[in-house]
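J.: test case, fold it:
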Amino acid sequence: MSNLLSDARVLVTGGGGFVGRRLVYRLAAAPRAKLFVAQRSGTVPVAGATCVQMDILDRGAVMQAISEVCPDVIVHLAAQASVGQGFEAATTTWSTNVCGTVHLAEAVATHVPNATVLFASTVEVYGLAFNNGEASEITLPQPLSSYAWTKLAAEKALADILPESARLIIVRPSNHSGRGQDNRFVLPSFAAQIKAGRGILVGNLDAKRDFLHVEDVVDAYVKLIDVAPQLSKRSLFNLASGKVSSVGFLLNRMMELSGTQAKVQVDPNRLRPSDVPVAAVDASLVREKIAWAPQRSLDDMLSDLIK
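T.: Numbering: from 1, shown residues only. A predicted model of the protein is given here:
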């Protein structure tokens, strides 16, 4: 790891979440780094990290936490991350993803104006634009869900509120999965149903998406922080494998890997109100800038889910 991570005070929001836990473990390996994990309650997921009690919706608490920690690097992962839940609980999604991000941006601008902020957005922001082909960083976003709109709004809030002295790295990862992901998400839902040995309820199996192993996403986050001083003050990167697979193919492959067969039935409640047939993503920029590429296969990801 670079000197930046070796000597930095690093704060991770959402460090107890699916991606956050893995990132915290990885960052804990940086020599001399001082690692802080911001969360509403509980203990930190790794020894050596300091827990910072902070509710992202409490502006005063966020201001106090940033003032006390004085982080050099902030990785902002805290979010309501389910597209489906975004439809069902739009108010919570907007409050957490947008208001929480505004609070963080204000605190950075006030207390650590020279900090580096890495923000986890999503390729979901491209939405309807996927119908025109592969989406790159210059593609105009056309969100289709509350979740995607909130992520795009949070991107804009950070860009507007953070001072020019702060470094902002916005990352738009494609779908990513692995062991420990919430069953609200499609692949963990399949895995849980396969393990239960009953029929499998599904949504749209024809949808084609670009899937990454969660550890490959963590690899990219660490590399981006590592090279942050060499990046421009405002950077935007897609993260994707560059290959799409249908949800139906992934389900069939999971059953093959688990050695099981089950009756598959479409559940109308699992169909999204809005969807695009194919979500193909161009991630050539991040490959060029930091030499990142996925190191794990789809089978690696699916095998981890069904273990």
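J.: quick one: name whatever helix or strand follows the worst-scoring helix or strand of the chain on mean pLDDT.
T.: Lowest by mean pLDDT, DSSP states H and E among the helices and strands of the chain is helix 83-88, with a mean of 54. Following helix 83-88 in sequence order, the next helix or strand is helix 90-94 (DSSP states H and E).
J.: go through that next one and flag the buried ones.
T.: Residues of helix 90-94 classed as buried: 90, 93-94 (neighbour count, 16 or more other CB atoms under 10 Å). C-betas here are computed from N, CA, C, even on glycine.
J.: where in this protein is pLDDT low?
T.: Scanning the chain for pLDDT under 70 picks out 1-4, 45, 82-88.
J.: 80 instead, please
T.: Per-residue confidence for the chain (pLDDT under 80) gives these ranges: 1-6, 31-32, 41-45, 81-89, 272-274.
J.: now for the most centrally placed residue in it: which residues touch it?
T.: Closest to where the C-alpha atoms of the chain average out (CA atoms, centre = their mean) is Ala120, at 4.8 Å. The contact partners of Ala120, taken as CB atoms under 8 Å, 6 or more residues apart in numbering, are 19, 75-77, 79, 171, 173, 221.
J.: how about 7 Å then?
T.: 76-77, 171, 173 (CB atoms under 7 Å, 6 or more residues apart in numbering).
J.: cool, and Glu106?
T.: Per CB under 7 Å, 6+ apart, neighbours of Glu106: Ile161.
J.: pull out the buried positions in stretch 14-32.
T.: Under the neighbour-count criterion of 16+ other CB under 10 Å, stretch 14-32 has 14-24, 26-28, 30 buried.
J.: gap between the two ends of it?
T.: End-to-end distance for stretch 14-32: 22 Å, by CA to CA, to the nearest Å.
J.: touching that stretch from outside, list them.
T.: 1, 5-7, 10, 12, 33, 35, 37-39, 42, 44-46, 48-49, 75, 77-79, 180-182, 214-215, 217-218, 221-222.
J.: point me to the helix or strand that includes the nearest residue to Ser177 once chain neighbours are set aside.
T.: Excluding the flanking residues, the one nearest Ser177 by CB to CB, 6 or more residues apart in numbering is Leu187, at 4.5 Å. Using DSSP H and E, Leu187 sits in helix 186-196.
J.: which elements pack onto that helix?
T.: strand 200-202, helix 247-258, helix 298-306 (3 or more CB pairs under 7 Å, 6 or more residues apart in numbering; DSSP states H and E).
J.: so what touches it?
T.: Applying CB under 7 Å, 6+ apart, the external contacts of helix 186-196 come out as 177, 181-183, 200-201, 247, 250-251, 254-255, 258, 260, 262, 305-306.
J.: can you show me the strands along this protein?
T.: 9-13, 34-39, 50-53, 73-76, 116-120, 167-173, 175-177, 200-202, 208-209, 211-213, 234-239, 245-246, 264-266, 278-279 (DSSP state E).
J.: mind putting the helices and strands packed on helix 186-196 in CSV, distance to Gln53 and mean neighbour count included?
T.: Output for the helices and strands packed on helix 186-196, formatted as CSV (distance: least, CB to CB, whole Å; neighbours: other CB atoms under 10 Å):
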stretch, distance to Gln53, mean neighbour count
strand 200-202, 38, 18
helix 247-258, 38, 17
helix 298-306, 31, 19
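J.: so for Ile56, which of those sits nearest?
T.: Among the helices and strands packed on helix 186-196, the nearest to Ile56 by CB to CB is helix 298-306 (28.5 Å).
J.: how far off helix 186-196 does that closest one point, in degrees?
T.: 50 degrees (axes from the mean of the first three to the mean of the last three CA atoms, to 10 degrees).
J.: hey, C-alpha coordinates of helix 298-306 in CSV?
T.: Output in CSV follows, covering the C-alpha atoms of helix 298-306 (Å, rounded to 0.1, in the frame of the first residue of the first chain):
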residue,chain,number,x,y,z
LEU,A,298,-18.5,-15.6,-11.9
ASP,A,299,-18.2,-19.2,-10.6
ASP,A,300,-16.1,-18.0,-7.7
MET,A,301,-18.8,-15.5,-6.8
LEU,A,302,-21.6,-18.1,-7.2
SER,A,303,-19.7,-20.8,-5.3
ASP,A,304,-19.2,-18.4,-2.4
LEU,A,305,-22.9,-17.8,-2.2
ILE,A,306,-24.0,-21.4,-2.1
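J.: between it and helix 247-258, how many degrees?
T.: Going by the same axes, to 10 degrees, helix 298-306 makes 70 degrees with helix 247-258.
J.: name the helices or strands packed onto helix 298-306?
T.: Checked by 3+ CB pairs under 7 Å, 6+ apart, helix 298-306 has helix 186-196, strand 211-213, helix 247-258 packed alongside it.
J.: got the contact list for the shortest one?
T.: Strand 211-213 has contacts (CB under 7 Å, 6+ apart) with 173-178, 239-241, 245, 294, 296, 298, 300-301.
J.: understood, closing this out.
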